[in-house]
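S.K.: Below: sequence and its predicted model.
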Amino acid sequence: MGLPVQAAARAVTKTPCDFFSTQTSVPSTHVARRAISALDGCRGGFGLAIAGAPNCGLFPPHLLERWSDPAKTRMTADAPAGPSQVLSSKPVPGDDPPAPVMLLGAHFHHPTISHNQLGHTSPRFVTPTVPQATPRAPYPAPRDMTPSAINGHATHGANGSNGSGPRLHRAEELDDLISAVRQLIVPFVQAADDAAADRASGDLPVDASGRSRNVLVDTQKPTELAAKLKFILPEEGQGKDGLLAGIEKVLRYSVNTWDQGFMDKLYASNTPVGVISDLVLSVLNTNLHVYQVSPALSVIEKTTGRALANRFGFAGPFAGGITCQGGSSSNLTSLVVARNALYPDTKAAGTRGHDFVVFTSAHGHYSVEKSAMICGLGESSVCKVPVDDTGAMRADKLRELVARAKQQGKTPLYVNATAGSTVRGSYDPFEDISRICKEFGMWMHIDASWGGPVVFSAQQRWKLRGSHLADSLTVNPHKMMNAPTTCSFLLGPDMRVFNKANSTTAGYLFHGGDDDEIWDLADLTLQCGRRGDSLKVALAWLYYGASGFERQIDHAFDMASYLYELLEQTGDFVMLSSNPPPCLQVCFYHAPGGKLVDDAAANTQRTQRIVERLIRRGFMVDYAPGDKGSFLRVVVNVQTLPTTVEGLAKAIHEIAKQE
């Protein structure tokens, strides 16, 4: 049956199929004008190509397909390439002579209209039968994107097409590259797994030639490494060979954090599930700013953020969280929300007229000072609160400092409490801090970037007592939970506060929703462009379960306690915390006979020498400044084995004896 061109074009803007094709024998100008008129204002994008038609002047040349035999473009409902709708229309007097015309269009999907509603019964991709002569591509193909072969990959026709025109080959190329890169990254991880058995000895194994291979790191000075890498960015692409050679160099000269000997920072290796989640995010390659372009990831972020918020005691209907680019970004966002929520005039007018003061522990993270700088408060607005012998903030000193600031005419704004400090792993007294914040009208934030995941452990979560009283809380699953870097959440009891504090007018991006829920998540954050980092936690949660997280965290705390015991029993170390340690750091000085000298410089030099020599044995640990010089800081993780702890204690003791 015939279908008017305008009706077909209107229907096309509502159909979910990706391609439509139709043939008619009406004047080309007449068809073009009517098609453009009907498609004008289409909600989705579309493209047209006219085959077998004289150039009527309505389309630029690159949109026209001229085929030598127009008769071969004819399609009927039973054509082998898939059914098409035959359009019929009468010529308009005085218009161009009739000529067979093929309209080819591509448009976006509609979520509800099906093929069958338009009389289609074919698969989603419908392609016309093409003539033997290859039509000219709408745009010239680049030199390395020829139709026949691209980077060595032959192209094939799709959905019954004979493949005579250019075809995308990305899936084939991706499959080939993943297969090739797999041969590099799996051995990289396997080498770390194989080396784990050697860690119990406290030294690197030596082969028959007397050489040892340090899987953990090939230590180089920056200038030496630059010369060895020779990472030159070429004018002409080097294809797969160049890519693989570059990856080989990166792997060779990078720290292998999968190695058991990596105990240097508050993060360690990724997990297999983490690698998969990162790969999925790269494949999706979308932005978590508005729901329209990231529907699944938006739902997952809200679901995961709410689940984490509930764990910390934020139980209200609007509790939830957002991901930020690391703990520093989460802390910065919390300070902006605090300022704008407590003093709404600052959102538009800035901080003039306010002499704000921010309070944080003397052992708090440096991101608090940076956040104050970025917000225009200045680094001098940050007041450091003294800590007790365990490294926890003293609530009595906090109250004194807040009262003093008020007497000086300043405005106490924000208190940053810490759950798991960077150096000692201490937890601040949240309930006491909350009472002070309420008394003086301050925002209470908890930086639980490091120590927050203990919320999954029945044995350890008591350390977070009072976390539900916070106005916001940062937690970094990429640390204790071994999620891929970066993965940080800023949680809160009421995400409407975040929205009011951070939202701006951007009608070109934010179009609102059908309910009271906030689905365009960039309205809650300082960032517009964001990855869907919550997927990293969501997939790990699916894989391990909350009980799996609990077992991992409990194991890590057992390893920290075990290392403490092994070092303490030698009698040659001064331990800087009780056992079990408050978090996963074990901090200590080397002190022969248990007697630490008062020479801070000598203690620092001894500590640094031990750290350097441990690298040669396959262990990376860190050090931090203390009252009597720098001390050693070892960080275990959820994948640390007992044999690794034993080997490290042995290596430290043997090296220290040589001092």
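M.R.: Yep, that arrived. Residues are numbered from 1 along each chain as shown.
S.K.: CA only for contacts and neighbour counts going forward, please
M.R.: OK.
S.K.: would residue 228 count as being in a helix?
M.R.: Yes. When DSSP: H, G, I helix; E, B strand; the rest coil is applied, residue 228 is found to be in a helix.
S.K.: Okay, now the unreliable bits of the chain?
M.R.: Low-confidence segments of the chain, defined by pLDDT under 70: 1-165, 505-516, 521.
S.K.: thought residue 575 was touching residue 565?
M.R.: No. The pair residue 575 / residue 565 is not scored as a contact, 10.0 Å apart, by C-alpha atoms under 8 Å.
S.K.: Please identify which of the two sits among more neighbours.
M.R.: Shown here are residue 575 and residue 565; by other C-alpha atoms under 10 Å, residue 575 has more neighbours (20 against 14).
S.K.: Give me the most central residue, this structure.
M.R.: residue 533 (3.8 Å; C-alpha atoms, centre = their mean).
S.K.: Output stretch 415-434 in CSV with nothing but the alpha carbons.
M.R.: This file holds the C-alpha atoms of stretch 415-434, laid out as CSV (Å, rounded to 0.1, in the frame of the first residue of the first chain):
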residue,chain,number,x,y,z
VAL,A,415,34.7,20.8,61.7
ASN,A,416,36.5,18.1,59.8
ALA,A,417,36.6,15.0,62.0
THR,A,418,38.7,12.0,60.9
ALA,A,419,37.9,8.2,60.8
GLY,A,420,41.2,6.6,60.2
SER,A,421,43.9,9.3,60.0
THR,A,422,46.6,9.0,57.3
VAL,A,423,49.5,8.4,59.6
ARG,A,424,48.3,6.8,62.8
GLY,A,425,44.9,5.5,61.7
SER,A,426,43.2,7.2,64.6
TYR,A,427,39.4,7.8,65.0
ASP,A,428,38.1,11.0,66.4
PRO,A,429,35.3,11.1,69.1
PHE,A,430,32.4,11.9,66.8
GLU,A,431,29.7,12.1,69.5
ASP,A,432,31.6,14.7,71.5
ILE,A,433,32.4,16.7,68.3
SER,A,434,28.8,16.6,67.2
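S.K.: for it, which positions count as buried?
M.R.: Buried residues in stretch 415-434, counted by 16 or more other C-alpha atoms under 10 Å: 415-431, 433-434.
S.K.: How far off centre is it?
M.R.: 26 Å (C-alpha atoms, centre = their mean, to the nearest Å).
S.K.: rewinding a little: could you measure the residue nearest to the centre of the chain against residue 477, distance?
M.R.: Remark: distance between residue 533 and residue 477 (C-alpha to C-alpha, to the nearest Å) = 10 Å.
S.K.: Name the residues contacting each of these two.
M.R.: Taking C-alpha atoms under 8 Å, 6 or more residues apart in numbering as the contact criterion, the residues that touch both residue 533 and residue 477 are 487, 488.
S.K.: Contacts only, for the residue nearest to the centre of the chain.
M.R.: So residue 533 contacts 323, 486, 487, 488 (C-alpha under 8 Å, 6+ apart).
S.K.: Check the gap between residue 318 and residue 307 for me.
M.R.: 12 Å.
S.K.: Oops, could you answer that again for residue 424 instead?
M.R.: Taken as C-alpha to C-alpha, the span from residue 424 to residue 307 is 28 Å.
S.K.: now do residue 555
M.R.: With distances taken as C-alpha to C-alpha, residue 555 is found 23 Å from residue 307.
S.K.: next one: residue 366
M.R.: Distance from residue 366 to residue 307, by C-alpha to C-alpha: 28 Å.
S.K.: With neighbour numbers in mind, choose between the two.
M.R.: residue 307 (17 against 12).
S.K.: nearest residue to the more buried one other than its sequence neighbours?
M.R.: Nearest residue to residue 307, sequence neighbours excluded (C-alpha to C-alpha, 6 or more residues apart in numbering): residue 320, at 7.4 Å.
S.K.: likewise residue 485?
M.R.: That would be residue 478: by C-alpha to C-alpha, 6+ apart, it lies 5.3 Å from residue 485.
S.K.: just residue 314 next, same as before
M.R.: With C-alpha to C-alpha, 6+ apart, the residue lying closest to residue 314 is residue 493, at 4.8 Å.
S.K.: wait, that neighbour sits on residue 311?
M.R.: No. Using C-alpha under 8 Å, residue 493 is not in contact with residue 311; the gap is 11.4 Å.
S.K.: So between these two, which is more surrounded?
M.R.: Each of residue 493 and residue 311 has its neighbours counted (other C-alpha under 10 Å); residue 493 has more, 26 against 16.
S.K.: still on that earlier bit, distance of the residue nearest to residue 485 relative to residue 306?
M.R.: In this view, residue 478 and residue 306 are 18 Å apart by C-alpha to C-alpha.
S.K.: before we move on, what about residue 420?
M.R.: Counting by C-alpha to C-alpha - residue 420 and residue 306 are separated by 22 Å.
S.K.: residue ranges for the strands of the stretch 451-600 of the chain, please.
M.R.: Using DSSP state E, counting those that start in this stretch, the strands of the stretch 451-600 of the chain run over 472-475, 488-492, 573-575, 585-590.
S.K.: Out of the ones you listed, the one nearest residue 537 is which?
M.R.: Residue 537 lies closest to strand 488-492 among these, at 9.8 Å (C-alpha to C-alpha).
S.K.: Given the closest one, what are its sheet partners and their directions?
M.R.: Using DSSP bridges, strand 488-492 pairs in its sheet with strand 320-324 (antiparallel), strand 472-475 (antiparallel).
S.K.: After the first one, which helix or strand is next?
M.R.: For strand 320-324, the following helix or strand on the C-terminal side (DSSP states H and E) is helix 327-342.
S.K.: Export that following helix to PDB, keeping only CA atoms.
M.R.: Output in PDB follows, covering the C-alpha atoms of helix 327-342 (Å, rounded to 0.1, in the frame of the first residue of the first chain):
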ATOM      1  CA  GLY A 327      38.700  12.000  48.800                       C
ATOM      2  CA  SER A 328      40.100  15.500  48.400                       C
ATOM      3  CA  SER A 329      37.400  16.300  46.000                       C
ATOM      4  CA  SER A 330      34.800  14.800  48.300                       C
ATOM      5  CA  ASN A 331      36.100  16.900  51.200                       C
ATOM      6  CA  LEU A 332      36.100  20.000  49.000                       C
ATOM      7  CA  THR A 333      32.500  19.400  48.000                       C
ATOM      8  CA  SER A 334      31.500  19.000  51.600                       C
ATOM      9  CA  LEU A 335      33.000  22.400  52.500                       C
ATOM     10  CA  VAL A 336      31.200  24.100  49.600                       C
ATOM     11  CA  VAL A 337      27.900  22.500  50.600                       C
ATOM     12  CA  ALA A 338      28.500  23.500  54.300                       C
ATOM     13  CA  ARG A 339      29.200  27.100  53.400                       C
ATOM     14  CA  ASN A 340      26.200  27.500  51.000                       C
ATOM     15  CA  ALA A 341      23.800  25.600  53.200                       C
ATOM     16  CA  LEU A 342      24.600  27.400  56.500                       C
END
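S.K.: need the next SSE after that helix, C-terminal direction.
M.R.: Next element after helix 327-342 (DSSP H and E): helix 345-349.
S.K.: quick one: contacts of that following helix?
M.R.: Contacts to helix 345-349, defined as C-alpha under 8 Å, 6+ apart, come from residues 339, 340, 352, 501.
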